[in-house]
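>>> take a look and give me a structure for this.
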Amino acid sequence: MFDLERWQEIFETLSKNKLRTFLTGLSVASGIFILVVLLGFSKGIENGVRSQFEQDATNRISVWTGVTTKGYKGLNPGRYIQMKNSSFEAVENKYDDYLDYRTKDYNIWGGNVTYNNETGNYRVRGTLPDNQFIENADIGSGRFVSQLDVEERKKVAVIGNKMKVDLFKGEDPIDKNIQIFGMNFKVIGVYFDPGGDREESQVYIPVSTAQQVFNAGENIRNMAFTVKMADNFDDAVAMSTAISEGIEQQLKEIHTVAPDDMSAVRVNNTLEEAQKIYSLIATIQAVFWFVGIGTIIAGIVGVGNIMLIIVKERTKEIGIRKALGAYPTSIVGMILQEAVFVTMFAGLFGLIFGLGLLELVGPNIENDFIKYPQVNFNIAITTVFILVLAGTFAGFIPAYRAAKIKPIIALRDE
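Numbering: from 1, shown residues only. Just a heads-up that it's a prediction; the model follows:
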């Protein structure tokens, strides 16, 4: 039941000590404010890292080769390990049941691409149809390279949106011919990539066509796979790690490379990297929670101390109330209500100010690893709930002490 006189009494008590009330409220508000900002930025870090992984499939295994650094089975170091179609097929056949998508690439860096009078240097990638999903490429118009294109070695090309802007100047590129090193390729699609301009400055052609027109024979430069995801993330990481190690060992055996040569065959597992990054994010979030909660506790301790002082100052008044028949529960309720009010009001102010700051500053932060710092509604409600409990606890000990005061002793208090 709403008790107007009780509230009038609370406001009168607080108004008598404006500075003390302000400083107490400020300590609580700053605690909530710091917690909200820290949690907001931890979410921003998580969003930023996730956006980096979204540039390619998270469960990706990439394979490329280099030069041997050790002699092995009579072969000298310094050999370049050249993967071939057969290398890809061997890996694909062995791990077929565990793979979702797979591709092999033959790449040319700095390929000269021309349309009419516009010319630019772009990366030319001979690839397979699955590469669209491995790279998270979104087709804006037309289509991607098909299996039929690969089988028939068609001279077709899928260009990035950045290339479209650079070369076509607003013209629809579909079914138009571009020249790659002077050879005509028909544009069949335009793609967008989460990686932005760098990833969109590429042109995809069938890998078989690239091998033919660039005289590569059976050679490939790299290969990539995505692993089927298990229901449990840790199980998926374990399986992906085992497949990565198996691919590395298999290719070293095929190309006669020392098992401990780390430069000749390189395998990168993004799922394993993702696990490390997300574990780091979880640690950062835990530290932020620890610091924020610690700051709130400091403010709540301040509230408890102030309530003890208030009880001390009002000892005689409490004694008179009890002498006139006031129940201990009403004394406890009076002190608790004042503590909860101060804590709630100050905490809500800090919460609103923190959320407002994130809304104001968040969209203006331009950083690859911090994006859209924010605190969701559930966390905001949780902090308010924690605040109410903390305010109640802060006021309970002084309230209990007040309820135990004997009227005769209280009336003698000076």
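
>>> I figured G111 hits V203, correct?
Yes - under the criterion of CB atoms under 8 Å, G111 makes contact with V203 at 7.1 Å. For glycine as for every other residue, the C-beta is placed from the backbone atoms N, C-alpha and C.

>>> with adjacent residues omitted, what lies nearest to D166?
G120 (5.3 Å; CB to CB, 6 or more residues apart in numbering).

>>> near that neighbour, how many other residues are there?
Look at G120: counted by other CB atoms under 10 Å, it has 14 neighbours.

>>> same question, the one 4 residues further on
By the criterion of other CB under 10 Å, V124 has 24 neighbours.

>>> please tell me how far it sits from S62.
19 Å (CB to CB, to the nearest Å).

>>> likewise I159?
23 Å.

>>> for G354, pull up the helix or strand it's in.
When secondary structure is defined by DSSP states H and E, G354 falls within helix 328-361.

>>> likewise V388?
Counting by DSSP H and E, V388 is found in helix 377-403.

>>> A strand includes Y101, no?
Yes - if the criterion is DSSP: H, G, I helix; E, B strand; the rest coil, then Y101 is within a strand.

>>> now it. Nearest residue, chain neighbours left out?
Nearest to Y101 is D130, by CB to CB, 6+ apart, at 3.9 Å.

>>> I'd say the one you found and T103 touch.
Yes - applying CB under 8 Å as the test, D130 and T103 come out as touching, 4.9 Å apart.

>>> between the two, tell me which one has more neighbours.
T103 (24 against 20).

>>> who does the more buried one form a beta bridge with?
A224 (DSSP bridges).

>>> pretty sure it sits against G126.
No - using CB under 8 Å, T103 is not in contact with G126; the gap is 10.0 Å.

>>> name the residues contacting each of those two.
Jointly contacting T103 and G126 under the rule CB atoms under 8 Å, 6 or more residues apart in numbering are V207.

>>> each with direction, which strands does the helix or strand where T119 lies pair with?
Using DSSP H and E, T119 sits in strand 118-127. Strand pairing for strand 118-127, determined by DSSP bridges: strand 99-115 (antiparallel), strand 202-206 (parallel).

>>> got the residue ranges for the helices in the stretch 1-150 of the chain?
4-16, 18-53, 85-95, 131-134, 147-151 (DSSP state H, counting those that start in this stretch).

>>> how near is K164 to N116?
With CB to CB as the criterion, K164 and N116 are 13 Å apart.

>>> follow-up on the earlier one: compare the mean pLDDT across the helices of the stretch 1-150 of the chain and name the weakest.
Of all the helices of the stretch 1-150 of the chain, helix 4-16 carries the lowest average pLDDT, namely a mean of 63.

>>> V257 falls within a strand, correct?
No - going by three-state DSSP, the assignment for V257 is coil, not a strand.

>>> would you confirm that it contacts Q82?
No - using CB under 8 Å, V257 is not in contact with Q82, being 11.8 Å away.

>>> look at those two and report which has more neighbours.
With neighbours defined as other CB under 10 Å, V257 and Q82 compare such that V257 has more, 24 against 14.

>>> who's A157 bridged to?
Under the criterion used (DSSP bridges), A157 bridges to V187.

>>> I figured it hits N184, correct?
No - in this structure A157 lies outside contact range of N184 using CB under 8 Å: 9.7 Å.

>>> neighbour-wise, which of those two wins?
The neighbour comparison of A157 against N184 (other CB under 10 Å) goes to A157, with 26 against 10.

>>> measure the more buried one to T103 for me?
16 Å.

>>> neighbour count: K164 and N116, which is higher?
K164 (23 against 13).

>>> what about that one, which SS state?
helix.

>>> ok, it touching P173?
Yes - K164 is within contact range of P173, at 5.5 Å (criterion: CB under 8 Å).

>>> which residues are common contacts for the two?
Joint contacts of K164 and P173 (CB under 8 Å, 6+ apart) are V190.

>>> and the chain, what are its domains?
Here the domain assignment for the chain is 4-52+276-412, 60-269, based on automatic domain parsing.

>>> would you single out the least confident of those?
The stretch with the lowest mean pLDDT among these is domain 4-52+276-412, at a mean of 70.

>>> can you work out which residues contact both of A157 and N184?
With CB under 8 Å, 6+ apart as the test, A157 and N184 both reach I178.

>>> residues making contact with stretch 238-253?
Counting by CB under 8 Å, 6+ apart, 59, 61, 63, 65, 81, 83, 87, 90-91, 94-95, 98, 225, 227, 230, 257-259, 261, 264-265, 267-269, 271-272 sit against stretch 238-253.

>>> which parts of that stretch are buried?
M239, S240, T241, I243, S244, I247, E248, Q250, L251, K252 (16 or more other CB atoms under 10 Å).
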